[in-house]
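Engineer: Kindly return the folded structure for what I paste below:
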Amino acid sequence: IHSHIQKSKTMAPQEQKQDQIDVVVNRPHNAFVNNGISLVNLAGTELEKLKETDDERAGYHAFPPACLALLKTLSGNNRCIDCAGFEPEWASIRFGAMLCLQCSGRHRKLGVNISPVRSTTLDSWTLVEILSMLEGGNTQLKQFFHRHKLCENNNNSNNNN
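Structural biologist: Numbers count the residues shown, from 1 in each chain. Next comes the predicted model:
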């Protein structure tokens, strides 16, 4: 931690912010605040900046780093919603769910009109899509499917479908 503080003193303000985000992103998912850095506040700041610049770049942006870190803290988002694979990096935009690379390929084969998917690190996103992802989450989606009997097997709450 001491070396991080020393390093921050010699950085430009933009580099300091990115360094703060990097520290937050690399923390365990249950660590929301450290040294006054709030992941929610950083994500909020990023979203506000996107709102201000939304019309300049036709509304498409890289997924902001703090927003991505916050997305990964949502319940169930550390596993692919379809196969339970670890550390998914793809997203089902329509459902606000995280997917692994292999399962994102299966969704892509269904067609973009049925199941649009994007990489959280490689693709561009609209502000609305980013907000939709932050409102979703794998656990929340699974609960919705089970509650409305939209799963193949509603008797098994650990079902990955």
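
Engineer: Give me the below-cutoff pLDDT ranges for this protein.
Structural biologist: Within the chain, the ranges that satisfy pLDDT under 70 run 1-37, 54-59, 153-161.

Engineer: where exactly do the helices run in it?
Structural biologist: For the chain, the helices identified by DSSP state H occupy 2-9, 13-25, 39-53, 65-73, 101-110, 127-135, 138-147, in order along the chain.

Engineer: any chance of these in TSV, plus mean neighbour count and distance to C83?
Structural biologist: Every residue, glycine included, has its C-beta placed from N, CA and C. Converted to TSV, the helices of the chain look like this (neighbours: other CB atoms under 10 Å; distance: least, CB to CB, whole Å):
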stretch	mean neighbour count	distance to C83
helix 2-9	9	36
helix 13-25	15	24
helix 39-53	15	27
helix 65-73	21	18
helix 101-110	15	6
helix 127-135	17	19
helix 138-147	17	12
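
Engineer: Out of the ones you listed, which gets nearest to R94?
Structural biologist: helix 127-135 (8.5 Å; CB to CB).

Engineer: what's the closest one in contact with?
Structural biologist: The list of residues contacting helix 127-135 from outside it, by CB atoms under 8 Å, 6 or more residues apart in numbering, reads 43, 47, 50-51, 54, 59, 61, 63-64, 67, 70-71, 74, 91, 93, 96, 118, 125.

Engineer: For stretch 91-101, buried residues please.
Structural biologist: Applying a neighbour-count criterion of 16 or more other CB atoms under 10 Å, the buried positions in stretch 91-101 are 91-100.

Engineer: should've said stretch 75-87
Structural biologist: Of the residues in stretch 75-87, 76-77, 79-82, 84-85 count as buried by neighbour count, 16+ other CB under 10 Å.
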